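Engineer: below: sequence and its predicted model.
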Amino acid sequence: MALLLSTSISTGPSWRSQNLGIARTRIPVPFRGALASARLLAGPARESTIVEPEQRTAGPALRTSFDDWYYRIHTLPLRIDLGNLVTNQVRFVQVWNAYLQPQTLASVVLENGEGVELVGPGTPPLPFAPLQLRRWQLSITTEGPPVIAATLSYEFVALGRRTVTITGNRMSAWMLPPDWSRPVSETLAWATDVQQAADGGEARFPLRGSPRRSWEFSVLADRRERQVLENALFDWSARTWALPIWNDVSWLQSRLAMGVQSIPVLAATQRDYRQGGRGPVALARAAGLSAPPIANTENPCPSPSFPGRAASAAY
């Protein structure tokens with residue numbers, strides 16, 4: 001065995017080991033033949049499997065958005081608020097199977113659904129494929145109880161029930177305008193609790209979030225109008241009426257094109273228009289007018305009286 005020692009110092013940019021100048025010793029031919037016979041240098045190729053050691057780490061699971069969307073049943077929407085229902089309405093309910101496995105809808109039940117028609121993609125038991133979305137159509141008519149308080153339940157096998165709440169009020173529009181030859185009165189009523197201290201001081205607390213508004217007016221109806229009015233009062237006397245606010249009427253400046261989604265109203269902020277309210281459109285062709293008026297509508301509760309007497313309404 002030869003021991004090679006370096007006599008140079010390994011410092012400086014041009015440093016080079018003296019071992020690089022010594023020729024490499026070749027393996028003798030007989031020795032290479034012995035290695036080949038022992039199949040150390042050559043031989044058939046063999047595949048080997050590398051087994052990685054299992055690594056386990058203990059710790060709490062971190063929730064992600066995946067847990068919020070998948071492996072559950074989604075029902076959209078969970079609540080349908082119809083508000084004041086004057087005309088027939090159509091709403092849609094979507095059910096999404098967010099599981100990665102197929103699920104089965106066992107039953108669909110509509111409770112207190114007078115005047116509500118449900119149309120679905122099939123009759124239960126209804127299979128849901130993984131990540132499948134199905135839609136049901138709800139048709140709500142003006143015929144039925146004045147207060148809508150229905151529930152729509154979807155029962156899945158081994159997954160429980162999903163419930164949709166449907167609320168609203170059915171209303172009927174008041175048809176005849178008041179008799180302007182007689183007074184039309186508007187009344188605002190507040191409710192306040194007044195507490196008086198021993199020293200004479202007073203503390204006032206409102207009992208209503210907003211004042212109660214009422215209208216008192218007279219109507220004139222003859223022949224056919226009287227018959228229609230009497231039938232409406234007989235059918236809807238104890239229910240909710242949609243009463244127009246006639247002093248907030250607005251006249252259109254031009255004709256509306258077919259299919260428009262909005263109606264321009266002059267000085268809308270100075271009138272009693274509010275978000276979520278109603279705005280009926282009245283045709284004025286019978287009176288020989290060029291453009292129809294738009295009247296604001298409130299939500300009155302009591303039933304008006306018969307023609308020839310004062311009619312009052314409040315919300």
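Structural biologist: All right, it came through fine.

Engineer: for the stretch 101-250 of the chain, give me the ranges with low pLDDT.
Structural biologist: The model of the stretch 101-250 of the chain has no residue with pLDDT under 70.

Engineer: the helices in it, which residues?
Structural biologist: Secondary structure of the stretch 101-250 of the chain (DSSP state H, counting those that start in this stretch): helices located at 224-236.

Engineer: next, the contact list for the closest residue to residue 157 other than its chain neighbours, please.
Structural biologist: Leaving aside its chain neighbours, residue 157 sits nearest to residue 104 (4.5 Å; criterion: C-beta to C-beta, 6 or more residues apart in numbering). C-beta coordinates here come from the backbone N, C-alpha and C atoms, glycine included. For residue 104, the contact set (C-beta atoms under 8 Å, 6 or more residues apart in numbering) comprises 125, 126, 127, 128, 156, 157.

Engineer: which ChimeraX command selects the buried ones in those?
Structural biologist: In ChimeraX, the members of the contacts of residue 104 classed as buried (16 or more other C-beta atoms under 10 Å) are selected with the following command:
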select :126,128,156
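
Engineer: closest to residue 197 among the contacts of residue 104?
Structural biologist: residue 156 (60.5 Å; C-beta to C-beta).

Engineer: between the two ends of stretch 218-228, how far is it?
Structural biologist: One end of stretch 218-228 to the other measures 17 Å (C-alpha to C-alpha, to the nearest Å).

Engineer: next, name the residue at the spatial heart of the chain.
Structural biologist: Centroid-nearest residue in the chain, with C-alpha atoms, centre = their mean: residue 77, separated by 5.1 Å.

Engineer: can you tell me how far that residue is from residue 259?
Structural biologist: Distance, residue 77 to residue 259, using C-beta to C-beta, to the nearest Å: 27 Å.

Engineer: got it, and residue 191?
Structural biologist: With distances defined as C-beta to C-beta, the gap from residue 191 to residue 259 amounts to 46 Å.

Engineer: the more surrounded of those two?
Structural biologist: Set side by side, residue 191 and residue 259 show more neighbours around residue 191, with 10 against 5, by other C-beta atoms under 10 Å.

Engineer: ok, the more buried one - contacts?
Structural biologist: 206, 207, 208, 212.

Engineer: so what's the residue nearest to residue 157 bridging to?
Structural biologist: Beta-bridge pairing of residue 104, defined through DSSP bridges, involves residue 127.

Engineer: follow-up on the earlier one: close enough to count as contact, the residue nearest to the centre of the chain and residue 93?
Structural biologist: Yes: Residue 77 is within contact range of residue 93, at 7.2 Å (criterion: C-beta atoms under 8 Å).

Engineer: what do those two both touch?
Structural biologist: Counting by C-beta under 8 Å, 6+ apart, the shared contacts of residue 77 and residue 93 are residue 164.

Engineer: would you mark the buried spots in stretch 63-80?
Structural biologist: Within stretch 63-80, the residues that count as buried by 16+ other C-beta under 10 Å are 73, 75, 80.

Engineer: name the element the last one belongs to?
Structural biologist: Put plainly, it is residue 80. Assigned by DSSP states H and E, residue 80 falls within strand 79-85.

Engineer: show residues contacting that strand.
Structural biologist: With contacts defined as C-beta under 8 Å, 6+ apart, strand 79-85 is touched by 89, 91, 93, 138, 140, 142, 148, 164-171, 240, 242, 276, 278, 299.
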